[in-house]
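J.: Coordinates for the following, if possible.
(6 chains)
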Protein chains: 4
Amino acid sequence: MSEQDNQRGPKFRRRAEARPDEVLDAALDLFITKGFAATRVEDIARQAGLSKGAVYLYFPSKEALMEGLVRRAVAPIASLALHQLEGVEGDPRLAISATLRMVAGKLADPRLIAIPRLIMREVVQFPELAEMYRKEVLEQIIPVAIGLINRGIAEGYLRPVDPELTVRSIVGPIALHLILAEVFRMTPADGLAMDRLMDNHLAILFDGLSLPERAK
Amino acid sequence: MSEQDNQRGPKFRRRAEARPDEVLDAALDLFITKGFAATRVEDIARQAGLSKGAVYLYFPSKEALMEGLVRRAVAPIASLALHQLEGVEGDPRLAISATLRMVAGKLADPRLIAIPRLIMREVVQFPELAEMYRKEVLEQIIPVAIGLINRGIAEGYLRPVDPELTVRSIVGPIALHLILAEVFRMTPADGLAMDRLMDNHLAILFDGLSLPERAK
Amino acid sequence: MSEQDNQRGPKFRRRAEARPDEVLDAALDLFITKGFAATRVEDIARQAGLSKGAVYLYFPSKEALMEGLVRRAVAPIASLALHQLEGVEGDPRLAISATLRMVAGKLADPRLIAIPRLIMREVVQFPELAEMYRKEVLEQIIPVAIGLINRGIAEGYLRPVDPELTVRSIVGPIALHLILAEVFRMTPADGLAMDRLMDNHLAILFDGLSLPERAK
Amino acid sequence: MSEQDNQRGPKFRRRAEARPDEVLDAALDLFITKGFAATRVEDIARQAGLSKGAVYLYFPSKEALMEGLVRRAVAPIASLALHQLEGVEGDPRLAISATLRMVAGKLADPRLIAIPRLIMREVVQFPELAEMYRKEVLEQIIPVAIGLINRGIAEGYLRPVDPELTVRSIVGPIALHLILAEVFRMTPADGLAMDRLMDNHLAILFDGLSLPERAK
DNA sequence: TATGAATGAGTATTCATTCAT
DNA sequence: TATGAATGAATACTCATTCAT
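T.: Numbering: from 1, shown residues only, chains lettered A, B, ... in the order given. You can find the predicted model right below:
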């Protein structure tokens, strides 16, 4: 089999083992761009550089692509934040700041918010995917965060808040910032400005919006 | 002929005036429950209590239903919050608290979050609807909120923050709370607990998560 | 009931008896312009100045409109030519010329070719209409024409031709001229030029295309 | 696996190369038999021996079938008559006779009149098809016929007639004969009798209907 | 493995016809 | 008579999935 044989593919054919991943990449792109329903399997195939029939060699159905997509994304995302939060000592605000800045950085990467966005969009069609994401990602990360907050409270760093609800206060502003940007195209004049958002958010988060009354 | 007679009786029921609204109600229900693509026009018709053909008397296409839905929702939502925020005097934190609690209460009503949820889900298919929502709702409300924050800063109530980004800090936690609940079925053990969320959120928002160092 | 009552109709409401005819006029117009299948009953109603439902007061179905159309057209057309051809004496070529010129004139009137054109177009859907037209129009006229030719032969005016087939030679050129004009938009540079066609046609018809060999 | 196996056996038959042509054959049959509007794409598919979906592999729409039909028919028809008329020498009446008899024979073949009949019927829906037929067929053939007539006149074989209008006199009787037969089921007692028609027509065409006055 | 022709279930939309008013 | 809102059968077209090669 000569070089000519590779005519219509990418420069060189990837090892077959990478195929399912290429299909998932293509599917993710298109599901994000056009939604699940409006994406044709043939589009995915073409974008992945193989034929419609071949997609079915790797995934038994279009729905299986969705599941595969989430399944693939779940593990690395979960471990990502855990390593940041586990085993930190001292002032938990430092850990929160650092982790949040790291997470915010990651989330600005379209490939990484893609999965939760996809789930948010298609949750009515695929409720089991939301559940999987919850179990594999959220329920791994949130308890760690809660533990951190609890420790912060116990050690006198943090006000005695409800840790579970406080997670919303920590992450919510970033989530809303991204939604406004992605869904409604509303960003500050200088773009996504994630750094400025984080500065502003962390300042308020830790020290509050109220101006300390000086002359007390 | 009594009222009961109209229940499901004759083949032809006559113009109800409210028909378009009934159709939109049905469409909203189903679009939320199943998504736009998976909802059949016939389902909408049945749910609205009329025939498939009749839907087309009021709306020229399935897409027009989506547009009609957003268009109908846009005006009242916008005016809702504006009346809360305009013309308030004194400590803006009181206005923010009151408005936020009101908004949070409204958003717990499924009919009201329905539209933004729908837009978030279908934005790739109907980007113009997101834009309409932005113009008619978000760009009406947000500047008022920004104005309030600016006044609060000027009058010495609030820390000198970036008002535009601070809006994310004010509303974000509520948004995330709702997303976790609606999309991922993650609520506190006692349910949506919106009141507790608001208490916790406002405490942090205004006074910060950090415990004031007393004995310093 | 005052003048005001007539608001939305034509200047004054026609006598009700004329209604069916108005409906047929409208139907003919539209069937010719758009074809039977592509014409909506509502279009006919609107063009006739009444409501969709009212059409069904006069005609039980859309197909009945077609039938009514042909039925109405049949009688006058038939009698038209008959009066020209019956009881003429002397050289039948004069009668043929006169009648043909008259017929050609009539056929240039869009309202009059409309019916045969309509039948030609819709014959597969309504074969019984073609049959009706044949019985009521063609089989009335053609025998008279044949009789005329036969007399012309017997009296030594005409060559001994097949009268039935000769009818095609007499009328065919006009038919083709109209088809080329109507269907394929092919007319001489100066328009339909029906007079010139008739002159040319009759010259050939009676005296032949061949140049008489003079010097014989 | 024998030829018989393809009769109607497996669910999937494989690319026959001739598929588009088979689909057009089926479409022509049905369009002629039932008209364009009354023919369902599924009927065409069944008649062509494949599935509805497969039709759309070859033609993007039902209308494209019409266009394909005319496009396919156009070239051979045009060249057909041209070869008859071009380059003939001597008495043009011989060429006219021969060509006309040939054309008449062809037109008696249902497959060949099918296209012009179809165009005549559907011209209001598809005016561009009539135009295509005019350009590709009529405007190819008619000028050649006109040239032949002009030569006949110049060489003293024919009377000085208008060549463009004379084409109607040459072809019209055949056209009308076919219309009477096809549309109105009016044929001579012995059937279509095309030969007798041609004899009668050509006799009149060349020598006229008038009996030469012998005793002159 | 890989292809892509073929299948056929599924759905938005149209429009003749009905009927309450 | 007259209206036009309402009905629902009918149909073009799409696309996930299959399978002969």
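J.: Who's the closest spatial neighbour of A:Ala95, skipping the chain neighbours?
T.: Excluding the flanking residues, the one nearest A:Ala95 by CB to CB, 6 or more residues apart in numbering or on different chains is A:Val88, at 4.2 Å. All C-beta spots, glycine's among them, are computed from the backbone N, C-alpha and C.
J.: That neighbour: neighbour count?
T.: When neighbours are counted by other CB atoms under 10 Å in any protein chain shown, A:Val88 registers 15.
J.: Test my guess that it contacts A:Ala145.
T.: No. If you go by CB atoms under 8 Å, A:Val88 and A:Ala145 don't touch, sitting 11.5 Å apart.
J.: Just the residues contacting stretch A:120-132, thanks.
T.: A:31, A:35-37, A:63, A:66-67, A:70-71, A:74, A:119, B:32-35, B:38, B:120-121, B:124, B:179, B:183-185 (CB atoms under 8 Å, 6 or more residues apart in numbering or on different chains).
J.: tell me how far the ends of that stretch are from each other?
T.: 13 Å (CA to CA, to the nearest Å).
J.: got a list of what A:Arg19 touches?
T.: Contacts of A:Arg19 (CB under 8 Å, 6+ apart): A:48, A:50, A:54, A:58.
J.: Give the buried residues for stretch A:28-40.
T.: Neighbour-count burial for stretch A:28-40, counted by 16 or more other CB atoms under 10 Å in any protein chain shown, picks out A:28-32, A:35-36, A:39.
J.: circling back: reformat the contacts of A:Arg19 as JSON lines; add distance to C:Arg93, neighbour count and pLDDT.
T.: What follows is those, written out as JSON lines (distance: CB to CB, whole Å; neighbours: other CB atoms under 10 Å in any protein chain shown; pLDDT from 0 to 100):
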{"residue": "A:Ala48", "distance to C:Arg93": "81", "neighbour count": "22", "pLDDT": "97"}
{"residue": "A:Leu50", "distance to C:Arg93": "80", "neighbour count": "18", "pLDDT": "95"}
{"residue": "A:Ala54", "distance to C:Arg93": "80", "neighbour count": "13", "pLDDT": "97"}
{"residue": "A:Tyr58", "distance to C:Arg93": "86", "neighbour count": "18", "pLDDT": "97"}
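J.: Name the nearest residue to the residue of chain A found nearest chain C, ignoring sequence neighbours.
T.: Nearest residue of chain A to chain C, counting by CB to the nearest CB: A:Ala38, 31.6 Å away. Distances taken as CB to CB, 6+ apart place B:Gln125 nearest to A:Ala38, at 6.5 Å, with adjacent residues excluded.
J.: repeat for A:Glu42
T.: A:Lys52 (4.8 Å).
J.: Can you name the residues that contact that neighbour?
T.: A:41-42, A:45.
J.: For A:Ile44, see how far away it is.
T.: A:Lys52 sits 9 Å away from A:Ile44, going by CB to CB, to the nearest Å.
J.: Any stretches of chain A with poor pLDDT?
T.: Across chain A, the ranges flagged by pLDDT under 70 are A:1-16, A:77-78, A:80-82, A:84-86, A:214-216.
J.: Domain-wise, how is it divided?
T.: Here the domain parsing of chain A from automatic domain parsing is A:14-60, A:69-207.
J.: packing partners for the longest helix belonging to chain A?
T.: Determined from DSSP state H, the single longest helix within chain A is helix A:62-85. If contacts are counted by 3 or more CB pairs under 8 Å, 6 or more residues apart in numbering or on different chains; DSSP states H and E, helix A:62-85 sits against helix A:19-34, helix A:92-107, helix A:110-122, helix A:127-133, helix A:139-154.
J.: repeat that for 10 Å
T.: Judged by 3 or more CB pairs under 10 Å, 6 or more residues apart in numbering or on different chains; DSSP states H and E, the packing partners of helix A:62-85 are helix A:19-34, helix A:41-48, helix A:52-58, helix A:92-107, helix A:110-122, helix A:127-133, helix A:139-154.
J.: In TSV: the ones you listed, plus distance to DNA strand E.
T.: Listed next are the helices and strands packed on helix A:62-85 as TSV, based on distance: least, CB to the nearest atom of the strand, whole Å:
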stretch	distance to DNA strand E
helix A:19-34	5
helix A:41-48	7
helix A:52-58	2
helix A:92-107	32
helix A:110-122	17
helix A:127-133	19
helix A:139-154	33
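J.: Surely A:Asp190 touches B:Leu165?
T.: No. Using CB atoms under 10 Å, A:Asp190 is not in contact with B:Leu165, being 11.1 Å away.
J.: Who has more neighbours out of the two?
T.: B:Leu165 (19 against 7).
J.: For the more buried one, give me its contacts.
T.: A:173, A:177, A:188, A:193, A:196-201, A:204 (CB atoms under 10 Å, 6 or more residues apart in numbering or on different chains).
J.: what angle do the strand or helix carrying it and helix B:19-34 make?
T.: According to DSSP states H and E, B:Leu165 maps onto helix B:163-182. With axes from the mean of the first three to the mean of the last three CA atoms, to 10 degrees defining the directions, helix B:163-182 sits at 80 degrees from helix B:19-34.
J.: What's the first helix or strand after helix B:163-182?
T.: By DSSP H and E, the next helix or strand past helix B:163-182 is helix B:194-207.
J.: does chain A sit close to that following helix?
T.: Yes. Helix B:194-207 is in contact with chain A by CB under 10 Å from any CB of the partner chain, via B:196-207.
J.: on that earlier part again, chain D: which of the contacts of A:Lys52 is nearest?
T.: A:Glu42 (12.6 Å).
J.: burial count for that closest one?
T.: Other residues close to A:Glu42 by other CB under 10 Å number 11.
J.: what residues are up against it?
T.: Counting by CB under 10 Å, 6+ apart, A:Glu42 touches A:51-52, A:55.
J.: Quick one: neighbours of the residue nearest to A:Ala38, just the number.
T.: Neighbourhood size, B:Gln125 [other CB under 10 Å]: 16.
J.: what does A:Ile174 give?
T.: Using other CB under 10 Å, A:Ile174 has 23 neighbouring residues.
J.: how close does it get to C:Val88?
T.: A:Ile174 is 101 Å from C:Val88, by CB to CB.
J.: mind checking how far A:Val55 is from DNA strand F?
T.: According to CB to the nearest atom of the strand, to the nearest Å, A:Val55 stands 7 Å off from DNA strand F.
J.: Identify the nearest residue to that residue in space, disregarding sequence-adjacent positions?
T.: Nearest non-adjacent residue to A:Val55, counting by CB to CB, 6+ apart: A:Ala45, 4.9 Å away.
J.: shouldn't that neighbour be in contact with A:Ala54?
T.: Yes. A:Ala45 is within contact range of A:Ala54, at 6.6 Å (criterion: CB under 10 Å).
J.: shared neighbours of these two, which are they?
T.: In contact with both A:Ala45 and A:Ala54: A:Val23, using CB under 10 Å, 6+ apart.
J.: quick one, phi/psi of A:Tyr189?
T.: Just so we're on the same page, residue A:189 is Ala rather than Tyr. Per-residue torsions, A:Ala189: phi -60, psi -30 (degrees, to the nearest 10).
J.: For it, give its distance to chain B.
T.: Distance from A:Ala189 to chain B, counting by CB to the nearest CB, to the nearest Å: 9 Å.
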